[in-house]
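Engineer: Okay, structure incoming, though there's no sequence with it:
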Ligand SMILES: Nc1nc2c(ncn2[C@@H]2O[C@H](COP(=O)(O)OP(=O)(O)OP(=O)(O)O)[C@@H](O)[C@H]2O)c(=O)[nH]1
């Protein structure tokens, strides 16, 4: 049986979690790329300058600032020159910076993104030296997930550039002093020029600030809690917990002015996981983590109860021993699991109208008690009866009674909530169009159950002091009844199976 110590064991084999390229054929000197994301003003350029001055590595830069005047590129050039000069280099090093002027990296056509990498590699090849690493600094409103998808697509389509580079680490710089405020924000990106909203292109401008904030934290291998000088210790600890809960895969480091060990930011090459995931693999990871946390909680609860029972059997003041053991357990659990996860899962569709009513009653949550500081949380705790007030983040696949083909994705953070079309269930996709890699097919099939195929409710809830029974009960009420399920199956002509098999 797989160890529960490492929750990510349960995602194996990697399948959809890794791009489909044949990595065994890669030449030895593949240049790792680090992508730096973070809102405008979070401290990305400060970090970059810091990294360049403290490392002797040969770095190629792609600076992606869509402001009319690309100040970042100029600042970075200066630093690069100084760093290179210090290391015995020449002003020719200036050429090591490529400006991606035409839009932000996530909106830019893949070709242009890959072309900028190609140009950078050509420069180094002409000089007969190669980069130890390429760093891409994105604009504040860039969507790291979209950029990661471009790299995954390039691998899937066997773009030759992917034999020379690999997306190695996703680094997100968070403005610690502003995070909680932005989490509570109701603004859309386009209305926030202070965050770079005026640079947003296409639909991304209409995204909620909190939605992008959470994406930038989730889509990261390393999260730097910058500007930690602007918060007190309690606030910093709290934020560390929140960020750790939103993305348990990331390593989070507090810092000021981007001062952090280079090795921490770059990580051990090839070890980062998030940079290799796709949306489905990411979801699978979150579910695996939440389930492993639940198992740990249960195991700890069991161990503590066993210890108390033993004490009770051997000690006359058993009640006191049990009370002490319970208290110890609660204290440990509160410290370790003050913020915890659970997965809501079911194998029958939601009745759309009932789900809608519940969601409308739940959202938007005026104040989130899990994220607000303790005093604010306490003051607001009684203000709302929504169980979502204690949920920091919820996300996952939902199956709606109105469609047998389309998988939907539930995404909620702060005041943002959506259920979006996430493509087709694998069961609705012809087998010929499935990935050809056997391990990937096996993982897809492992999620099949009876006539449902991979259709399911699988929503991860992350929060503090959540009323899990209330959330579960209200969602259960939204599931179709037996009669409605029979209708559903008739409507979509699902192959006959006993209803008892569904649960
Ligand atoms: N107090 C404090 N200020 C910081 C810290 N890090 C950066 N700053 C300041 O915050 C401002 C923004 O920093 P930048 O590095 O330009 O931020 P950025 O993310 O690159 O912003 P854009 O390039 O405009 O997207 C600058 O004035 C920095 O000096 C920090 O840790 N503490």
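Structural biologist: All right, it came through fine. Just so it is clear, the structure is predicted and the values come from calculations on it, not from any experiment.

Engineer: In contact with the nearest residue to residue 346 once chain neighbours are set aside, which residues are there?
Structural biologist: Excluding its sequence neighbours, the residue lying closest to residue 346 (C-beta to C-beta, 6 or more residues apart in numbering) is residue 457, at 4.3 Å. Quick note: C-beta positions are derived from backbone N, CA and C, even for glycine. By C-beta atoms under 8 Å, 6 or more residues apart in numbering, the contact set of residue 457 is 344-348, 350, 396-399, 475, 479.

Engineer: quick one: low-confidence ranges for the protein?
Structural biologist: 1-28, 64-95, 101-110, 140-141, 193-206, 268-270, 301-338, 364-384, 495-503 (pLDDT under 70).

Engineer: one step back: backbone phi and psi for the residue nearest to residue 346, please?
Structural biologist: Here is the backbone geometry of residue 457 (degrees, to the nearest 10): phi -100, psi 130.

Engineer: and it, how far is that from residue 51?
Structural biologist: Counting by C-beta to C-beta, to the nearest Å, the gap from residue 457 to residue 51 is 43 Å.

Engineer: Narrow the contacts of residue 457 to those in helices?
Structural biologist: Judged by DSSP state H, helices contain the following of these: residue 475.

Engineer: near the ligand, from the contacts of residue 457?
Structural biologist: Applying C-beta under 6 Å from any ligand atom, the subset of those adjacent to the ligand is empty.

Engineer: Type out the PyMOL command that picks the buried ones from the contacts of residue 457.
Structural biologist: Buried subset of those, written as a PyMOL selection, criterion 16 or more other C-beta atoms under 10 Å:
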select buried, resi 344+346+347+348+350+396+397+398+399+475+479
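
Engineer: So which of the contacts of residue 457 is the closest to residue 418?
Structural biologist: Proximity of the contacts of residue 457 to residue 418, judged by C-beta to C-beta, is greatest for residue 398, which lies at 11.0 Å.

Engineer: Correct me if wrong: the closest one contacts residue 350.
Structural biologist: Yes. Counting by C-beta atoms under 8 Å, residue 350 is a contact partner of residue 398 at 6.2 Å.

Engineer: picking up where we left off before, out of the contacts of residue 457, the closest to the ligand would be?
Structural biologist: Comparing the contacts of residue 457 against the ligand with C-beta to the nearest ligand atom places residue 396 closest, at 30.9 Å.

Engineer: need the residues of the stretch 151-300 of the chain near the ligand, please.
Structural biologist: By the rule C-beta under 6 Å from any ligand atom, the part of the stretch 151-300 of the chain lying against the ligand is 196, 226-227, 229-230, 256-257.

Engineer: Most widely separated two among those?
Structural biologist: Top of the distance list for those (C-beta to C-beta): 196 and 229, 22.6 Å.

Engineer: Just want to know which of those two has more residues nearby.
Structural biologist: When residue 196 and residue 229 are compared on other C-beta atoms under 10 Å, the one with more neighbours turns out to be residue 196, at 24 against 12.

Engineer: Break down the stretch 51-200 of the chain into its strands, ranges please.
Structural biologist: Along the stretch 51-200 of the chain, the stretches classed as strands by DSSP state E, counting those that start in this stretch are 59-63, 97-99, 133-137, 165-175.

Engineer: Revised request: answer the last question for the stretch 201-350 of the chain.
Structural biologist: With strands called from DSSP E, counting those that start in this stretch, the stretch 201-350 of the chain shows them at 222-226, 251-254, 339-346.

Engineer: again with the stretch 351-500 of the chain
Structural biologist: For the stretch 351-500 of the chain, applying DSSP E, counting those that start in this stretch gives strands covering 391-398, 406-413, 416-424, 457-464.

Engineer: quick one: contacts of the third one?
Structural biologist: Residues from elsewhere that reach strand 416-424 (C-beta under 8 Å, 6+ apart): 208, 210-211, 214, 279, 359, 363-364, 397-398, 400, 405-412.

Engineer: Just give me the neighbour total for residue 493.
Structural biologist: Using other C-beta under 10 Å, residue 493 has 8 other residues around it.

Engineer: do residue 405 as well
Structural biologist: 12.

Engineer: next one: residue 30
Structural biologist: Residues near residue 30, counting by other C-beta under 10 Å: 16.

Engineer: go on, the one 3 residues further on?
Structural biologist: Residue crowding around residue 33 was assessed by other C-beta under 10 Å; the count is 21.

Engineer: which stretch of helix or strand covers it?
Structural biologist: According to DSSP states H and E, residue 33 maps onto strand 31-37.

Engineer: From the contact counts, what lies against that strand?
Structural biologist: Applying 3 or more C-beta pairs under 8 Å, 6 or more residues apart in numbering; DSSP states H and E, one finds that strand 31-37 contacts helix 44-54, strand 133-137, helix 144-156, strand 165-175, helix 262-266.

Engineer: so what strands line up beside it?
Structural biologist: Paired neighbours of strand 31-37 in the sheet (DSSP bridges): strand 133-137 (parallel), strand 165-175 (parallel).
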